[in-house]
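K.L.:
Model the structure of this input:
(chains A and B)
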Protein chains: 2
Amino acid sequence: MIQPRTLKGFRDYLPAAMIPREQLMQTAREVFRSFGFAPIDTPTLEHLEILTGKGSEETDRQLYQFEDNGGRPVGMRFDLTVPLARFAAQHIGTLGTPFKRYHIAPVWRGEKPQEGRYREFVQCDFDTIGTTSELADIEAVCVIDALLRAIGIDAFTISINNRAILTGLLESLGLADKTTPVLRSLDKLGKIGREKTAAEMVEAAGVTPEQADSVLRLAECDGEAESILAALPGITGGNETAAAGIERLTQIYRGALASGVRPDRLKIDVSIARGLDYYTGVIFETTLDELPGIGSVCSGGRYDNLAGLYTKQHLPGIGASLGLDRLLAALESLGRLSGVSKPCAVFIPFFDKAHRDDYLQLASQIRAAGIGVEVYPEPKKLGQQLKYADSQGFATAIIAGGNEWEAGTVQVKTLATKESQDVTYQHNAPEALIELLKNAV
Amino acid sequence: MIQPRTLKGFRDYLPAAMIPREQLMQTAREVFRSFGFAPIDTPTLEHLEILTGKGSEETDRQLYQFEDNGGRPVGMRFDLTVPLARFAAQHIGTLGTPFKRYHIAPVWRGEKPQEGRYREFVQCDFDTIGTTSELADIEAVCVIDALLRAIGIDAFTISINNRAILTGLLESLGLADKTTPVLRSLDKLGKIGREKTAAEMVEAAGVTPEQADSVLRLAECDGEAESILAALPGITGGNETAAAGIERLTQIYRGALASGVRPDRLKIDVSIARGLDYYTGVIFETTLDELPGIGSVCSGGRYDNLAGLYTKQHLPGIGASLGLDRLLAALESLGRLSGVSKPCAVFIPFFDKAHRDDYLQLASQIRAAGIGVEVYPEPKKLGQQLKYADSQGFATAIIAGGNEWEAGTVQVKTLATKESQDVTYQHNAPEALIELLKNAV
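P.N.:
A predicted model of the protein is given here:
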């Protein structure tokens, strides 16, 4: 006999965990679609050369790679951005621009398993490709706002910044070639504080203490959005790149408000940098006000050229990624997951064997009214079946035995309170029962 | 530069293909849930020993297998049944029985690519585990019926049979040990005809021509369901296993009718066998009346023991699998796929730059009413934008330029007919427009 077990770093999703995951993914799909983003899918396996060297050294090391039965070197995708770049390079002639897609799919990284981190996890990305328009940037903010609201989160903050502002400052300081190491240091500001960040910037990026101070002064610019926007030109010393960046950031901020994003949910935060090199314009992070410690649940930004490794066609774009696992953990912390193991609310115990077809017909009628219902498969004792119903998280049971079937009534029981009421029901007159269930579930 | 391409036998899904796929999967989820089936997921990768030897010799040969970075032999799942068996053995103590699950996920087989067959494809399975009840069998028929109806197919036939009837006949003929080769031959009856099937049975299974004739007489028993059911006891010579199988088949047939399955959609077909050894009871196939040639779009059956390789716990069950790719091909053949590349119906051209925020606000209001809408990101010429809208398959465009914004009206254009009408609209009075769109899309 073989021991049934999953691989280290992998996990099964049981119904109580899978039901809210599926619900979250469905909510995300509906929001993406409502903005005109269309779904795509790409293969799990890609030619190895498509994947290697396209992420970080870390993702290269973590890549699941092997030779397939035909001797081809292949790899399992480690994110959805590299496959999108390959996809866009291959199909953009057919698709045309602007191209707006979402992609919800698993990715694989052989990283050291840690609490809450797995070797297989689902990413949920949306991108608008082939336009540099500010409207696409504003819309990305609106999508994030709509996603969080649709998930049922009220208190959240979308922080926006524009990489071009720091790029401009670095240009004016003569540090244009040191952008990457400066960004890497700056990304730690929130975690290690000003002093250590400055020290690291001097050491790792080789800048002077004065230069580090200028960079940190920009990153620390804080306060009301409009006053930050007003202060930024002075801090960046009139550099042109920075000025254009400030203007774009202003447009995005005001445009998002005009589109209906609530002002308390929007923040200009010039300290956010996002480690990835490939962002060049606006960048986003989204935090939950009740759980700031879990980090950003939706992050992204604008990039200059998505697919330069696969095509000469210049493809600028903007996109972001919703952190499904983080959001689910957050919803659980906030006590917002029901923990039920059943995707339908109504349960019919089957305890009068002679009436099997009556139970089945009753269930069909309830389903035809758009209400999900499970019939217990075996004519066990009622108490045993109701115990099962409680353990699974059903809300309502419809109880009908010999007497009830003859009298033309059924008992509708609310499982949490154990309260019941009798309702008239016959196969040719199910209306009263359906009406009651529609109001109850 | 790296040539952007997919691996042989793999494919990208562009929006026009992915939109109906996603819709079909969502429909399946909703139907499964309405019967109390709950979603699960399992890892793509499993310990190799979980997978090898569990399918056929063919699936072993086609398995994607390799050593992971930790030196563990691993494989990519080739179906959803083996992972379900492992999952059930591992978790059934927590889950309890009856356990009803659905699982919609990709699987991988390194088979020779053929027209319409790929090395990565999605399976869509539902199963009820831990009960031998006839109610679960009847319900499986009802699920298949509900799936096809929900997909929008009217003319289909669910063929049902019970393996036990043939098993009983073979017992009575002294051929109990030859069930597998006899089944394999019998499975070809529809394709190669009576004579060749009989010859193959004699040759491959080593039965006498008289025995082959008895088996074929059973398989050829045809006609009205109730008359087949009445004839079967005579054909199977009163064997007990067969008699129990006939009784169960009768219960399933009548129970499904009582549950509301239309009689013209249900057929007793004692010729269907389904090649897989592990079915022991009722078996199903579902064909589309308009496209019988594409084969079964939903097949399955009852098995005695799901997870005997991983646990001593006896887990009988019943399940079936919806053939997504086949169904999508069928819907395409029937002209039932729209071919649109956009998941929302309404398009707003952005051609008056000064009114950017007005377009965005208009879009937010339409979305708040539950209607999806895309705003073109760049203020290009109107004609260019409407050409884009046509190519993407939008149904309706809302056109508003400087004059319209001032007059407090917008033009609602039906793209297919080029007809337009003016509707009053102001940000504080969107009702007339929303009402019109709700009726239009």
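
K.L.:
Could you measure from residue A:394 over to chain B?
P.N.:
According to C-beta to the nearest C-beta, to the nearest Å, residue A:394 stands 9 Å off from chain B. Quick note: C-beta positions are derived from backbone N, CA and C, even for glycine.

K.L.:
Look at that residue and report its pLDDT.
P.N.:
With respect to pLDDT, residue A:394 scores 97.

K.L.:
Would you double-check that residue A:207 falls in a helix?
P.N.:
No: under DSSP: H, G, I helix; E, B strand; the rest coil, residue A:207 sits outside any helix and is assigned coil.

K.L.:
Show me where the stretch 101-250 of chain A has its strands.
P.N.:
A:120-129, A:156-162 (DSSP state E, counting those that start in this stretch).

K.L.:
per-residue pLDDT, the residue in the stretch 1-150 of chain A that chain B sits nearest to?
P.N.:
Nearest residue of the stretch 1-150 of chain A to chain B, counting by C-beta to the nearest C-beta: residue A:36, 2.7 Å away. Residue A:36 carries a pLDDT score of 98 in this model.

K.L.:
and it, how many neighbours?
P.N.:
Number of residues near residue A:36 (other C-beta atoms under 10 Å in any protein chain shown) recorded here: 25.

K.L.:
Which strand or helix spans the spatially closest residue to it that is not a sequence neighbour?
P.N.:
Excluding the flanking residues, the one nearest residue A:36 by C-beta to C-beta, 6 or more residues apart in numbering or on different chains is residue B:374, at 2.7 Å. Element membership for residue B:374 (DSSP states H and E) is strand B:373-375.

K.L.:
where's that strand relative to the chain centroid, distance-wise?
P.N.:
Offset of strand B:373-375 from its chain centre (C-alpha atoms, centre = their mean, to the nearest Å): 32 Å.

K.L.:
So in that sheet, which strands flank it, and in what orientation?
P.N.:
Strand partners for strand B:373-375, identified by DSSP bridges, are recorded as strand B:346-348 (parallel).

K.L.:
Mind listing what's buried along the strand it pairs with?
P.N.:
For strand B:346-348, burial by neighbour count (16 or more other C-beta atoms under 10 Å in any protein chain shown) applies to B:346, B:347, B:348.

K.L.:
Next: stretch A:371-389.
P.N.:
By 16+ other C-beta under 10 Å, the buried positions in stretch A:371-389 come out as A:371-379, A:382, A:385-386, A:388-389.

K.L.:
Report the mean confidence score over it.
P.N.:
96.

K.L.:
same thing with stretch A:43-57?
P.N.:
On average, stretch A:43-57 scores 92.

K.L.:
quick one: contacts of it?
P.N.:
Residues outside stretch A:43-57 that contact it (C-beta atoms under 8 Å, 6 or more residues apart in numbering or on different chains) are A:60, A:63, A:65, A:68, A:72-79, A:82-83, A:85-86, A:106, A:309-310, B:2, B:4-7, B:10-12, B:44, B:64, B:76, B:106, B:108, B:120.

K.L.:
Do I have it right that the residue nearest to residue A:36 meets residue A:34?
P.N.:
No: using C-beta atoms under 8 Å, residue B:374 makes no contact with residue A:34, being 9.1 Å away.

K.L.:
overlap in contacts of those two?
P.N.:
residue B:344.

K.L.:
Can you name the residues that contact the residue nearest to residue A:426 when sequence neighbours are not counted?
P.N.:
Among residues not flanking residue A:426 along the chain, residue A:408 sits closest, at 4.9 Å (C-beta to C-beta, 6+ apart). With contacts defined as C-beta under 8 Å, 6+ apart, residue A:408 is in contact with A:424, A:425, A:426.

K.L.:
pLDDT-wise, what's the bottom of these?
P.N.:
Among the contacts of residue A:408, residue A:426 has the weakest pLDDT, 93.

K.L.:
quick one on the thing from earlier: so who does the residue nearest to residue A:36 touch?
P.N.:
Contacts of residue B:374 (C-beta under 8 Å, 6+ apart): A:35, A:36, A:100, B:342, B:344, B:346, B:347, B:348, B:363, B:394.

K.L.:
On the three-state scheme, the nearest residue to residue A:436 once chain neighbours are set aside is what?
P.N.:
Distances taken as C-beta to C-beta, 6+ apart put residue A:423 closest to residue A:436, at 5.5 Å, once the chain neighbours are dropped. On the three-state scheme (three-state DSSP), residue A:423 is labelled strand.

K.L.:
Could I get the pLDDT score of residue A:423?
P.N.:
At residue A:423, pLDDT is 96.

K.L.:
And for residue A:201?
P.N.:
For residue A:201, the model assigns a pLDDT of 93.

K.L.:
That one contacts residue A:213, doesn't it?
P.N.:
No: using C-beta under 8 Å, residue A:201 makes no contact with residue A:213, being 9.4 Å away.
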